[in-house]
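Colleague: Everything below, folded, please.
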Amino acid sequence: MKYEVVIGLEVHVELLTECKLFCSCPNRFASEPNVNTCPVCLGFPGALPQMSYDALQQALNASVALNCEIALYSYFDRKNYFYPDMPKGYQISQYYRPLGSKGYLVIENDSGGDNKVGIARVHMEEDAGKLVHASSSVSAGSSGTSSSGSSSMVDYNRAGVPLIEIVTEPDLHSSGEARRYLEKLKSVLQYARVSDCKMEEGSLRCDANVSLRPPGGQLFGTKTELKNMNSFRAVEKSLDHEIKRQAAIIDRGDEVVTQTLRWDENKQETIVMRSKLEAHDYRCFADPELAPIELAASEVEKARAALPEMAEARAERLVNDYNLPEYDAKVLTASRCLADYFESCLALYNNPKEVSNWVMGEFSAHLKNAGLEADQCSFQPEDMAELLKMIDEKLISGKLAKEVLEKAFQSGKPPRKVVEEEGLLQISDQSELEEIVDQVISDNPDSIESYRGGKTKALGFLVGQVMKATKGKANPQLVNELLIKKIDG
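Modeller: The predicted model follows:
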């Protein structure tokens, strides 16, 4: 490409707290609209906010996990703007004195090397409410007439939920790098146990600033802001689209306009929302109702020391302790939940590579199809261990085990119960199998001759015929032995 791409990301992350940032209302997803509210988060006059220490601790944990310098003195500001989802007419945020700054994450760049992505700031703020747009039929009163149209309703359950905003330096240079940064960020925050980072629930939301400039240029081009990206894939696709759009504008001699755009998933294109606001448009000033935050250096060091084992260290341990390939360890530890699941399975079935194959393969495929994390499904580590033991006991074949896993995953039943109910026990009775083997040999004389003529693939065909006749329940090892014995004998 003849332009250098410059991307900066602003990521809003909901913290895992019981209560909201400045009141005791529950921080809970999927409640009935407007039930988790009070005079503070609804912005009633005279209602005074009080900061949650739990939210501060989570924000501090996130900041140290992201290698930030921690401000021992910080405070909250009022970011003034009017919008229906912000009942006070301002948002409480940290504009002038963020909690964390000058952090970084290291990701892989497009050439396979390292890109140290700077994190300019990590600051605390409260979330806004949620607008719900819907078509409606509006009654005109006693006349009995009505008119159809659209309406917007506001759910204030989310208003006041504690957030951290994580702002990168403009250190990303492709949509792929942006996606890898987000994946790494999600992993770090989940390992630090500060957020579940579920984009589908809005607990991780990403805005992107993107501009183009000539290769090697020092000045930044005019940037646009992208919003409404609800998955990592959407981030990647929307950035690719915007990069091409800006390049086309510059190529024809026009100027890129500073705008805020949203990604339309159905149309697969960016759509202009409004002109982008500048920082001075928000008229920020220190909130007079909230005391400053003062931390002792010992509190910061305590938070740093209390960080759990992170993905890179855990991957190294899996390689050293369980002799796993580096690829397996990297895949398993990309998600804390998946790594926890793997090690829980090992405590019950001590065969690291076998467990790794099943967790990375069939199990992860079912998680992906169901849109679940490993700790959200009903197929527990105990079930995985039971499934693998049944293979060892030759009660089921490896092929049938995949079917059992699928049925157990979907039904929530233990694997052994699925096998019993479906009649899937492996046939290992030699006399029973001999009858089927004899019939297969009798029905396939050409394959017998091919095998005797040195074509070993013919044996695989014959084994397949036996497996077909037994609906996959025959012991494949015993079938091989019987076929060879009878053909060579």
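Colleague: Now do the end-to-end distance for stretch 224-235.
Modeller: 14 Å (Cα to Cα, to the nearest Å).
Colleague: In that stretch, which residues are buried?
Modeller: Neighbour-count burial for stretch 224-235, counted by 16 or more other Cβ atoms under 10 Å, picks out 224-229, 232, 234-235. For every residue, glycine as well, the C-beta is placed using N, CA and C.
Colleague: Same list (those) but as JSON lines, adding pLDDT and secondary structure.
Modeller: Converted to JSON lines, the buried residues of stretch 224-235 look like this (pLDDT from 0 to 100; DSSP: H, G, I helix; E, B strand; the rest coil):
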{"residue": "224", "pLDDT": "95", "secondary structure": "strand"}
{"residue": "225", "pLDDT": "94", "secondary structure": "strand"}
{"residue": "226", "pLDDT": "94", "secondary structure": "strand"}
{"residue": "227", "pLDDT": "89", "secondary structure": "strand"}
{"residue": "228", "pLDDT": "77", "secondary structure": "strand"}
{"residue": "229", "pLDDT": "86", "secondary structure": "strand"}
{"residue": "232", "pLDDT": "92", "secondary structure": "helix"}
{"residue": "234", "pLDDT": "91", "secondary structure": "helix"}
{"residue": "235", "pLDDT": "93", "secondary structure": "helix"}
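Colleague: Show me the two of the residues you listed that sit farthest apart.
Modeller: Largest separation among these by Cβ to Cβ: 224 and 232, giving 19.8 Å.
Colleague: Domains of the protein: list them as residue ranges, please.
Modeller: Here the domain parsing of the chain from automatic domain parsing is 4-135+149-303, 309-422, 430-488.
Colleague: among the ones you listed, which gets the worst mean confidence?
Modeller: Across the domains of the chain, domain 430-488 has the smallest mean pLDDT, namely a mean of 82.
Colleague: what about that one, how long is it end to end?
Modeller: Using Cα to Cα, one end of domain 430-488 lies 18 Å from the other.
Colleague: Stretch 107-123 too?
Modeller: Terminal residues of stretch 107-123 lie 22 Å apart, using Cα to Cα.
Colleague: in it, what counts as buried?
Modeller: By neighbour count with 16+ other Cβ under 10 Å, stretch 107-123 contains the buried residues 107, 109, 115, 117-123.
Colleague: can you tell me which two in those are farthest apart?
Modeller: Taking Cβ to Cβ, no two of these sit farther apart than 109 and 123, at 27.1 Å.
Colleague: Show residues contacting stretch 310-325.
Modeller: Under the contact criterion Cβ atoms under 8 Å, 6 or more residues apart in numbering, stretch 310-325 has outside partners 65, 187-188, 191-192, 309, 326, 328-330, 332-334, 336, 339, 342, 346, 352-353, 356.
Colleague: Give me the buried subset of those.
Modeller: Among the contacts of stretch 310-325, those buried by neighbour count (16+ other Cβ under 10 Å) are 65, 187-188, 191-192, 328-329, 332-334, 336, 339, 342, 346, 352, 356.
Colleague: mind checking how far residue 332 is from residue 319?
Modeller: For residue 332, the distance to residue 319 equals 11 Å [Cβ to Cβ, to the nearest Å].
Colleague: got it, and residue 93?
Modeller: Counting by Cβ to Cβ, the gap from residue 93 to residue 319 is 42 Å.
Colleague: and what of residue 165?
Modeller: Distance, residue 165 to residue 319, using Cβ to Cβ: 35 Å.
Colleague: show me what contacts the closest residue in space to residue 255 that isn't next to it in sequence?
Modeller: Spatial nearest neighbour of residue 255, excluding adjacent residues (Cβ to Cβ, 6 or more residues apart in numbering): residue 222 at 6.8 Å. Contact analysis of residue 222 by Cβ under 8 Å, 6+ apart lists 211, 255-258.
Colleague: ok, now residue 23?
Modeller: Residues near residue 23 by Cβ under 8 Å, 6+ apart: 38, 40-41, 49-50, 160.
Colleague: could you redo the last one with a cut-off of 10 Å?
Modeller: 36-42, 47-52, 126, 159-160 (Cβ atoms under 10 Å, 6 or more residues apart in numbering).
Colleague: Need the three-state assignment for it.
Modeller: With DSSP: H, G, I helix; E, B strand; the rest coil as the basis, residue 23 sits in coil.
Colleague: still on that earlier bit, between residue 93 and residue 319, which one's more packed in?
Modeller: Shown here are residue 93 and residue 319; by other Cβ atoms under 10 Å, residue 93 has more neighbours (20 against 16).
Colleague: Quick check: bridge partners of the nearest residue to that one once chain neighbours are set aside?
Modeller: Among residues not flanking residue 93 along the chain, residue 125 sits closest, at 3.6 Å (Cβ to Cβ, 6+ apart). As for beta bridges, residue 125 partners with residue 93, residue 163 under DSSP bridges.
Colleague: Who wins on neighbours among the contacts of residue 23?
Modeller: The residue in the contacts of residue 23 with the most neighbours, by other Cβ under 10 Å, is residue 160 (30 neighbours).
Colleague: Need the nearest residue in space to that residue, chain neighbours excluded.
Modeller: residue 41 (3.5 Å).
Colleague: does the one you found count as helix, strand or coil?
Modeller: coil.
Colleague: what helix or strand does the residue nearest to residue 255 sit in?
Modeller: Here residue 222 is covered by no helix or strand, with elements defined by DSSP states H and E.
Colleague: quick one on the thing from earlier: and the residue nearest to residue 93, what does it touch?
Modeller: 12, 21, 59, 76-77, 79, 91-95, 98, 162-165.
Colleague: Now do it against residue 67, distance only.
Modeller: As for residue 125, its distance to residue 67 is 21 Å (criterion: Cβ to Cβ).
Colleague: One more: residue 121?
Modeller: Distance from residue 121 to residue 67, by Cβ to Cβ: 13 Å.
Colleague: Equivalent analysis for residue 370, please.
Modeller: Counting by Cβ to Cβ, the gap from residue 370 to residue 67 is 34 Å.
Colleague: In strands, which of the contacts of residue 222 fall?
Modeller: If you go by DSSP state E, those have residue 211 in strands.
Colleague: so which of the contacts of residue 222 would you say is closest to residue 173?
Modeller: Nearest to residue 173 among the contacts of residue 222, with distances taken as Cβ to Cβ, is residue 211, at 11.2 Å.
Colleague: so who does the closest one touch?
Modeller: 3-8, 170, 219-224, 242-243, 246, 256, 258.
Colleague: ok, 7 Å please
Modeller: Residue 211 is in contact with 6, 220-223, counting by Cβ atoms under 7 Å, 6 or more residues apart in numbering.
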